[in-house]
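**Student:** how would this look folded up:
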Amino acid sequence: MRDRVTYNRAANAALGGLVVQACLVVVVGVVALYSRSAALSAAAWYLAGGLGVWAVLAVLYYQHKIELAESLEADRLTGGDPSVAELFDRHAEDLSLARRRLGFLYKWGLGGASLFTGVYLAGVGAVLLHGRYRALEIGGLGEETMASRVSATALIVVTTGAAFVSFIVARYLSGMTRVARWQLLRGGAGYLMGGFAVLLLAAGASLCLHFGQAVPMAVLGLVVPGVMVLAGLEMLVSLVLSGYRPRRVGEVVRPAFDSRVFGWLASPESIAKAVADALNYQFGVEVSRSWFYQLLNRAVVPLTVYGAVILLGLSCVVIVEPHEQAVVTRFGKVTSGQALGPGLHVKWFWPVGRARTAGVNRVHQVTIGTTHEGDGHEDEGGEALLWTGQHSHGDDYYVTAPTPLGVRGGEGGAGGAGGSGGAGGAVGSGVALVGAQVVVQYRVTDLQEYFAAADDPDALLTAMAERHVNARFVTTDIDRLLSSQRAAIGTELQGRIQNDVKADGLGIEVLFVGLVGVHPPEDGGVAAAFLAEIGALQEQQSLIEDARLVALETMASVAGSYERALAIDGAILRLEEVKGGKGDGDARGEESDEAGRAVREQAVTVERLLTESRGEAARMIFEARAGRWERVISERAKAERFEAELAAAREAPRYYRARRYLEVLASGLAGARKYVVTSDGAEPPVFRLDLKDAGSVIETIFEDGG
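**Tutor:** Numbers count the residues shown, from 1 in each chain. Next comes the predicted model:
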């Protein structure tokens, strides 16, 4: 009688689980059809897969009741007579129809239900997943196709109520599985607990939908089919492995539709038991029977509750730093008319109340374009960042306007880069690419507008800056970006971005926009070509400056100063111009005299400027004048001396000739040694030679002979 009641309760429990499962399928299915939600439709399809599990369990336990009644009837008929009992044993196969049906259910019914459920979950989940994926490719992840008349509050109530019912029933049935004969109910309870998890996620997505966030519901439309596929594959793999598992006589094998994952959800205490068994195995002693483990086992739930309460209490406290302000929201709506200042404040617990803080007295910064290596870190090596070296991350390049023909280097800038190839800004041959790091610095002026304008204000500001940078770069050639217009472009971008920020009510003030780094593409030798041309232009400029220096030195040495040299040059050019306008004097008459007078006056002006310059030209003029006067005076003195000698020769010719003769003789013999020899009646001369005398006659003879 006791066994009959046991199986009767199990059959009623399985039948109740079937009814609850069917009700959940109908409720969720109707809501899914009404709302046209892909996520709720997938949840309904998942819940429908449990109907076969509960049905086979109900039939199995009902057959247990029949088999038990059949056994009791057979015992009553024998009445303890051995001959009658022997007769029933001989024909047991013909009389025990319920027992044979029960054996058939254990052998084929459980396996068939597992196979059907696994194939159903895997197949339907794959179809739903494929259809949902195609829909997301067309519509996007954030566009959940739901009827506009659907109330998010109604969805929250329905999904939360269904989740609550499934949780209560699943926990009740999982508690029954502690009885050995009711362990098969664990498969249905686990499946129902899986439904609770799906419905709980649907309730959370509905809550997000209430606050205007449709993305979680759209994501759930992918998650539920994915869970179905995984659960179906688990059941099919467990079914295959159970065929190779050895069995003891009389052992009831755990069916494949009894998912291990869902079983843990339905009976979380099994996890604690598994942990205890693992600890006992590792330490080699019964750790689970120690007082500490028992105390921890009893206190884990209260401690968890206390921890959750403490965390919720801490979430009610908002600490605002001195440089910050905070905006508090309740269910997504701002609760106060103004931002909270520095200090300690109280709000509703999470997730009802939330606080968002931002520094209002500090300068914030966003960076667009390429990111240089070492941003935000100290440059320990002190190495220079060159265009030809890898010094940036990413390959985001901006399109620039072509360099106009005939323009080289912009306004005295980096050079035309005509030889740098297609990506390096070829002169007059198409658009160019340039890498840039643009820094936008701003300050928050209105915190409520700052958080109300966008979920991520920095991302919105970055998008604005990116748009204006692209629009500005595409109208400027690469030479000017690399050289003369970087500061001007930054100021212009600051004004444009500030106008957009003000129009969109972002609540910030743009303080500075700067092109901190502009470089040609690093790949393909483009940067090297830029550097080569820049080096050539720098060398050209250096030669020009050297030539200017030489010109300045020359002009200063000639004219005394650069300004006087320019004045003299202008006067000489004017003189050449006046000379060119002078014609034939006989043909033009008075006009020719006037032109000659102008030439003379201009020549005087040139000479005056030259003499006043105090340079090399003035020195040469003064030396020429001195030489002219010296020559004139010398020639005049020679002429007057000739006239005086001519007069003397006329007055005393013999005296003049004798004097001139003696002067010539004296000048000719001035350097020679003279000997006086007498010839009239004198003795023969005797020559005494001093060979030590360097000026002796013998030496002179030897030298002449040599």
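
**Student:** from residue 49, how far off is residue 33?
**Tutor:** Remark: distance between residue 33 and residue 49 (Cβ to Cβ, to the nearest Å) = 18 Å. The way it works is simple: take the backbone N, C-alpha and C, and place the C-beta from them, glycine included.

**Student:** looking at these two, which is more packed in?
**Tutor:** When neighbours are counted by other Cβ atoms under 10 Å, residue 33 and residue 49 differ, and residue 49 comes out ahead with 26 against 13.

**Student:** grab the nearest non-local neighbour of residue 330.
**Tutor:** residue 353 (5.1 Å; Cβ to Cβ, 6 or more residues apart in numbering).

**Student:** Provide a list of residues in contact with that neighbour.
**Tutor:** Shown in contact with residue 353 (Cβ atoms under 8 Å, 6 or more residues apart in numbering): 315-316, 328-330, 335, 347.

**Student:** drop anything exposed from the residues you listed.
**Tutor:** Those of these that meet the buried threshold are 315, 328-329, 347, by 16 or more other Cβ atoms under 10 Å.

**Student:** now, the most widely separated pair of those residues?
**Tutor:** Largest separation among the buried ones among the contacts of residue 353 by Cβ to Cβ: 315 and 329, giving 13.1 Å.

**Student:** circling back to that earlier point, would TSV of the contacts of residue 353 with secondary structure, pLDDT and distance to residue 221 be doable?
**Tutor:** Converted to TSV, the contacts of residue 353 look like this (DSSP: H, G, I helix; E, B strand; the rest coil; pLDDT from 0 to 100; distance: Cβ to Cβ, whole Å):
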residue	secondary structure	pLDDT	distance to residue 221
315	coil	83	30
316	coil	85	34
328	strand	84	33
329	strand	80	28
330	strand	75	29
335	coil	74	33
347	coil	83	33
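
**Student:** between those, which is nearest residue 133?
**Tutor:** Nearest to residue 133 among the contacts of residue 353, with distances taken as Cβ to Cβ, is residue 329, at 34.4 Å.

**Student:** now do the SS call for the closest residue in space to that closest one that isn't next to it in sequence.
**Tutor:** Computed as Cβ to Cβ, 6+ apart, the closest residue to residue 329 that is not its neighbour in sequence is residue 354, at 5.2 Å. Here residue 354 is strand, with the state taken from DSSP: H, G, I helix; E, B strand; the rest coil.

**Student:** in this structure residue 354 contacts residue 333, no?
**Tutor:** No: counting by Cβ atoms under 8 Å, residue 354 stays clear of residue 333, with 10.6 Å between them.

**Student:** relative to residue 347, how far out is residue 306?
**Tutor:** With Cβ to Cβ as the criterion, residue 306 and residue 347 are 21 Å apart.

**Student:** same check on residue 458?
**Tutor:** From residue 458 to residue 347 the distance is 24 Å (Cβ to Cβ).

**Student:** ok so, going back, comparing residue 354 and residue 333, which residue is more hemmed in?
**Tutor:** It is residue 354, of residue 354 and residue 333, that has more neighbours when counted by other Cβ under 10 Å, with 16 against 7.

**Student:** now do the same contact list for the more buried one.
**Tutor:** 328-329, 347.

**Student:** not counting its neighbours along the chain, what's nearest residue 605?
**Tutor:** Leaving aside its chain neighbours, residue 605 sits nearest to residue 571 (5.5 Å; criterion: Cβ to Cβ, 6+ apart).

**Student:** export the contacts of residue 354 as CSV, with columns for distance to residue 553.
**Tutor:** Output for the contacts of residue 354, formatted as CSV (distance: Cβ to Cβ, whole Å):
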residue, distance to residue 553
328, 76
329, 76
347, 79
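
**Student:** can you give me the neighbour number for residue 310?
**Tutor:** Around residue 310 there are 10 other residues, counting by other Cβ under 10 Å.

**Student:** please apply the same query to residue 561.
**Tutor:** Using other Cβ under 10 Å, residue 561 is surrounded by 14 other residues.

**Student:** and it, what does it touch?
**Tutor:** 555, 613, 615.

**Student:** and for stretch 636-646, what's in contact with it?
**Tutor:** By Cβ under 8 Å, 6+ apart, stretch 636-646 touches residue 656.

**Student:** that stretch: how far from the chain's middle?
**Tutor:** Computed by Cα atoms, centre = their mean, to the nearest Å, the chain-centroid distance of stretch 636-646 equals 102 Å.

**Student:** distance of residue 648 relative to residue 639?
**Tutor:** Taken as Cβ to Cβ, the span from residue 648 to residue 639 is 15 Å.

**Student:** in terms of neighbours, single out the busier of those two.
**Tutor:** Ranked by neighbour count (other Cβ under 10 Å), residue 648 and residue 639 place residue 648 first, with 13 against 10.

**Student:** next helix or strand past the helix or strand containing the more buried one?
**Tutor:** Using DSSP states H and E, residue 648 sits within helix 616-651. Next in sequence after helix 616-651, counting helices and strands by DSSP H and E, comes helix 653-668.

**Student:** how big is the angle separating that following helix from helix 616-651?
**Tutor:** Going by axes from the mean of the first three to the mean of the last three Cα atoms, to 10 degrees, helix 653-668 is angled at 130 degrees with respect to helix 616-651.

**Student:** what residues are up against residue 115?
**Tutor:** By Cβ under 8 Å, 6+ apart, the neighbours of residue 115 are 236, 239, 256.

**Student:** so which of those comes closest to residue 620?
**Tutor:** Nearest to residue 620 among the contacts of residue 115 is residue 236, at 113.3 Å by Cβ to Cβ.

**Student:** ok, now which ones touch that closest one?
**Tutor:** Residue 236 makes contacts with 115, 118-119, 122, 256, as judged by Cβ under 8 Å, 6+ apart.

**Student:** swap in 6 Å and give it another go.
**Tutor:** Taking Cβ atoms under 6 Å, 6 or more residues apart in numbering, we find residue 236 in contact with residue 118.

**Student:** before we move on, what SS does it have?
**Tutor:** The local conformation at residue 236, judged by three-state DSSP, is helix.

**Student:** that one and residue 467, how far apart?
**Tutor:** On the measure of Cβ to Cβ, residue 236 and residue 467 end up 52 Å apart.

**Student:** likewise residue 620?
**Tutor:** For residue 620, the distance to residue 467 equals 70 Å [Cβ to Cβ].

**Student:** test for you: state the pLDDT assigned to the residue nearest to residue 329.
**Tutor:** In this model, residue 354 is scored at 80, pLDDT.

**Student:** check residue 542 too.
**Tutor:** Listed pLDDT for residue 542 reads 90.

**Student:** pLDDT value on residue 532, please?
**Tutor:** On the pLDDT scale, residue 532 is placed at 72.

**Student:** nope, residue 414 is what I meant
**Tutor:** Per-residue confidence at residue 414 stands at 41 (pLDDT).

**Student:** again, but for the one 3 residues further on
**Tutor:** Here the pLDDT value assigned to residue 417 is 39.

**Student:** same check, this time on residue 634
**Tutor:** Per-residue pLDDT puts residue 634 at 90.

**Student:** that one: how many residues sit nearby?
**Tutor:** 10.

**Student:** residue 345 now?
**Tutor:** A total of 16 residues lie near residue 345 under the criterion other Cβ under 10 Å.

**Student:** in the sheet, who's paired with it?
**Tutor:** residue 318 (DSSP bridges).

**Student:** what's the distance between it and residue 153?
**Tutor:** Remark: distance between residue 345 and residue 153 (Cβ to Cβ) = 29 Å.

**Student:** with just CA atoms, put the helix or strand where residue 464 lies into CSV.
**Tutor:** Taking DSSP H and E as the definition, one finds residue 464 inside helix 457-473. The C-alpha trace of helix 457-473 is given here as CSV (Å, rounded to 0.1, in the frame of the first residue of the first chain):
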residue,chain,number,x,y,z
PRO,A,457,29.7,61.9,-24.4
ASP,A,458,33.4,61.3,-25.2
ALA,A,459,32.5,59.1,-28.0
LEU,A,460,30.0,61.7,-29.4
LEU,A,461,32.7,64.4,-29.1
THR,A,462,35.2,62.2,-30.8
ALA,A,463,32.8,61.5,-33.7
MET,A,464,32.2,65.3,-34.1
ALA,A,465,35.9,66.0,-34.1
GLU,A,466,36.5,63.2,-36.6
ARG,A,467,33.9,64.6,-39.0
HIS,A,468,35.4,68.1,-38.9
VAL,A,469,39.0,66.9,-39.2
ASN,A,470,38.1,64.9,-42.3
ALA,A,471,36.2,67.8,-43.8
ARG,A,472,39.1,70.2,-43.1
PHE,A,473,41.9,67.9,-44.3
